[in-house]
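Peer 1: predicted model, plus sequence, below.
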Amino acid sequence: MSTLQSPRTSGLVSDLTAGKLPRFAPALAAVIALGIGALAALLIGGGLLATVLFAAVAFLVVLPAWYAVVEGRRAAVDRLVTCLVWSALAVALVPLVSLLWTVVHHGARQLDATFLGQDAFITALHQPTGILHAIVGTLLITLTAAVMSVPLGIFAAIYLIEYGAGSKLAAAIRFLVDVMTGIPSIVAGLFAFALFTLLFGPAYRSGLAGAAALSLLMVPIVVRSTEEMLRLVPNELREAAYALGTPKWRTIVKVVLPTALGGIVTGVTLATARVVGETAPLLLTAAITTKVNLNVFDGFMTTLPVMVYSSQAKGHPEDFDVAWGAALVLVLIVLVLNIVARIVGKIFAPKTGH
Amino acid sequence: MAKSIDVSNVNIYYGDFKAVEDVSMTIKARSVTAFIGPSGCGKSTFLRTLNRMHEVIPGAHVEGEVLLGGEDIYAANVDPVQVRRRVGMVFQRPNPFPTMSIYDNVLAGNRLNSKKLKKADADAIVEKALTGANLWNEVKDRLGKPGMGLSGGQQQRLCIARAIAVEPQVLLMDEPCSALDPISTSAVEDLIHELKSDYTIVIVTHNMQQAARVSEYTGFFNLKAAGQPGHLVEFNKTTKMFSTPEQESTEAYISGRFG
């Protein structure tokens, strides 16, 4: 007589748990690996870095070997690959964390009311120097660049997806946009420089020229990200709107764009964050100043990256401090932009009702 | 309000490929007409020519004459947008607008056509359409919630409500129940029975029992061979079609001896 339920094997050795390493095995292996690493570093002679490197290699050998002995080949390969993936992540994070730490470490002590609230012209006579002119310049030039490139980019993407689908013109535009994505920023700067020199004569410098150079870099990113987002809008929604007797342009404005809005806003913000850190084109087109300039159409204008570059080029220790402080402010601006992008993307994402 | 459709000698193309050949039929007003046939025989393609949705696909075009209440909808000076306002459509998969609430989804047709509505009128349209689609009692307390939060069957009835909110003269349904469970299917079929007193309904279905249950007239489409255009084999009263069809291939298909 067989029963459907097998007897409980608690207390006995079950087939299911036989030949399994305990859960603390990786931790134990890590301790052993650290020991091996320290020993190796001592023998060869090396510092903390050598210890960590040796320990990592030892861990990659010890743990899979142990699993191979106790649990078999499949478990060992699983462990090895898991360890490799985690190591790759750790290696990728090292420069990022190191960079952020250095910027915060050197820059944080610079941040005070004078630094953020005064420009370099007023504070130049009595140290410390302020960077208000660069913050204002960054915000104005980036905003102007966004105002120029966002409508252009979104309209171009709408043409590519909604009107030009499959046409030769659309294929040509898409190819050119892809080429533009790869333009070195200095080339964009030279183009804007040449254009504005031709239009307004030599020695013309303004925030507008800088913004034109930046928008040249920004348009392809906006086009590509918007295009991807519009492509994700299901065709059924367009057909549903057409079947209700809606003209094509109203379908795009009222159905397609709102559905893709979250992604478009995220793409635009990321494109902005990308160009906010440009230096080379702005050196050519907007030049360097020490005063706050609120007029983007005329006069020199300095942005934070240009300020970082010019400060460190001066070479005095106090100029280095200013550069670090300006770099930290720039990182913070990019951080805020990214957070705003995430929040806005969440707000506009289509609701599922769950 | 409901109008009849007269189709004569219609050929339908995707680019150079002829998908449907030489279809002629008369679809009576205030009745349900079902199209059956194997996959790829052109039933859905033909349905989409009845409200000029076929030409949305690049390269697609139609030859022949389709009269809606006596007016040729393929005449040179006809605006397809105006045709689609008169001939509504429900699709195979429920497709409520994801950015809109249940309320706004029902009003989408009116709002998208830029009609300015007073709040009271809008409320009346929403209640009438949702009641007409047998959905009012289930959603009346959560009209502000997203339409995507409803179940599949409710979403499909929401799409039907959206289609009848603009008060079309004809309602086309492209396999409206193929993504639904039997209970939701039954709800939609009951709805079709109620709607036919006001609308001309044309439905494409893969389910022959459904065609027999809901329709007064049935058209059987078939392919001569793979790669050949589809054509209308037989168009008859549903009762006759399912008891004594005139064509041998119709009988073979209906009784399951097809192919």
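Peer 2: Looks like it came in fine.
Peer 1: near chain A, which residues of chain B are found?
Peer 2: Contacts of chain B with chain A, taken as Cβ under 8 Å from any Cβ of the partner chain, map to B:51, B:53, B:56, B:58, B:81-86, B:88-89, B:91, B:93, B:95, B:97-99, B:108-109, B:111-114, B:145-150, B:159, B:162-163, B:166. Every C-beta, even on glycine, is put in place using the N, C-alpha and C of the backbone.
Peer 1: buried set for stretch A:109-124?
Peer 2: If you call a residue buried by 16 or more other Cβ atoms under 10 Å in any protein chain shown, then stretch A:109-124 has these buried ones: A:Gln110, A:Thr114, A:Phe115, A:Gln118, A:Asp119, A:Ala120, A:Ile122, A:Thr123.
Peer 1: cool, stretch B:52-65 as well?
Peer 2: Neighbour-count burial for stretch B:52-65 [16+ other Cβ under 10 Å]: B:Arg52, B:Met53, B:His54, B:Val56, B:Ala60, B:Val62, B:Gly64.
Peer 1: again with stretch B:179-198
Peer 2: Across stretch B:179-198, burial judged by 16+ other Cβ under 10 Å covers B:Ala179, B:Leu180, B:Ser184, B:Thr185, B:Ala187, B:Val188, B:Glu189, B:Leu191, B:Ile192, B:Leu195, B:Lys196, B:Asp198.
Peer 1: out of those, list just those in helices.
Peer 2: Using DSSP state H, the subset of the buried residues of stretch B:179-198 located in helices is B:Ser184, B:Thr185, B:Ala187, B:Val188, B:Glu189, B:Leu191, B:Ile192, B:Leu195.
Peer 1: turn the buried residues of stretch B:179-198 into TSV, including pLDDT.
Peer 2: Output for the buried residues of stretch B:179-198, formatted as TSV (pLDDT from 0 to 100):
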residue	pLDDT
B:Ala179	78
B:Leu180	79
B:Ser184	81
B:Thr185	87
B:Ala187	84
B:Val188	85
B:Glu189	90
B:Leu191	86
B:Ile192	90
B:Leu195	86
B:Lys196	87
B:Asp198	87
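Peer 1: so which of these comes closest to B:Ala75?
Peer 2: B:Ala75 lies nearest to B:Asp198 out of these, by Cβ to Cβ, at 26.6 Å.
Peer 1: was I right to think that closest one contacts B:Arg30?
Peer 2: Yes: assessed by Cβ atoms under 8 Å, B:Asp198 is found in contact with B:Arg30 at 7.5 Å.
Peer 1: spit out the contact partners of residue 207.
Peer 2: Went with chain A since none was named. A:Gly137, A:Leu140, A:Ile141, A:Thr144, A:Ala286, A:Asn293, A:Asn295, A:Val296, A:Phe297, A:Gly299, A:Met301 (Cβ atoms under 8 Å, 6 or more residues apart in numbering or on different chains).
Peer 1: wait, chain B
Peer 2: B:Asn207 sits next to B:Cys177, B:Ser178 when contact means Cβ under 8 Å, 6+ apart.
Peer 1: run a quick neighbour tally on residue 159.
Peer 2: Defaulting to chain A. By other Cβ atoms under 10 Å in any protein chain shown, 17 other residues sit near A:Tyr159.
Peer 1: actually it's chain B I care about, not the one you picked
Peer 2: Burial of B:Cys159 is recorded as 27 neighbouring residues (other Cβ under 10 Å).
Peer 1: quick check: phi and psi on the residue in the stretch 51-200 of chain A that chain B sits nearest to?
Peer 2: For the stretch 51-200 of chain A and chain B, the shortest gap (Cβ to the nearest Cβ) falls at A:Gly166, measuring 5.6 Å. When read as degrees, to the nearest 10, the backbone of A:Gly166 gives phi 80, psi -10.
Peer 1: mind checking the SS state of the closest residue to it other than its chain neighbours?
Peer 2: Leaving aside its chain neighbours, A:Gly166 sits nearest to B:Pro58 (5.6 Å; criterion: Cβ to Cβ, 6 or more residues apart in numbering or on different chains). Using DSSP: H, G, I helix; E, B strand; the rest coil, the structure places B:Pro58 in coil.
Peer 1: correct me, but B:Pro58 touches A:Tyr163?
Peer 2: No: taking contacts as Cβ under 8 Å, B:Pro58 lies outside contact range of A:Tyr163: 10.8 Å.
Peer 1: on that earlier part again, with distance to B:Thr239 added, can I get the buried residues of stretch B:179-198 in CSV?
Peer 2: Formatted as CSV, the buried residues of stretch B:179-198 follow (distance: Cβ to Cβ, whole Å):
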residue, distance to B:Thr239
B:Ala179, 29
B:Leu180, 26
B:Ser184, 26
B:Thr185, 22
B:Ala187, 24
B:Val188, 22
B:Glu189, 17
B:Leu191, 22
B:Ile192, 17
B:Leu195, 21
B:Lys196, 16
B:Asp198, 23
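Peer 1: between those, which is nearest chain A?
Peer 2: Lowest distance from chain A to the buried residues of stretch B:179-198 (Cβ to the nearest Cβ) belongs to B:Ala179, with 11.7 Å.
Peer 1: B:Gly152 is in contact with the closest one, correct?
Peer 2: Yes: with contacts counted by Cβ under 8 Å, B:Ala179 reaches B:Gly152, the gap being 6.0 Å.
Peer 1: identify the contacts common to the two.
Peer 2: Between them, B:Ala179 and B:Gly152 share these contacting residues under Cβ under 8 Å, 6+ apart: B:Pro94.
Peer 1: stretch A:248-257 - what's its average pLDDT?
Peer 2: What stretch A:248-257 shows for mean pLDDT is 91.
Peer 1: before we move on, back to that, and of the ones in helices among the buried residues of stretch B:179-198, the nearest to A:Glu239?
Peer 2: Comparing those against A:Glu239 with Cβ to Cβ picks out B:Val188 as the nearest, at 19.3 Å.
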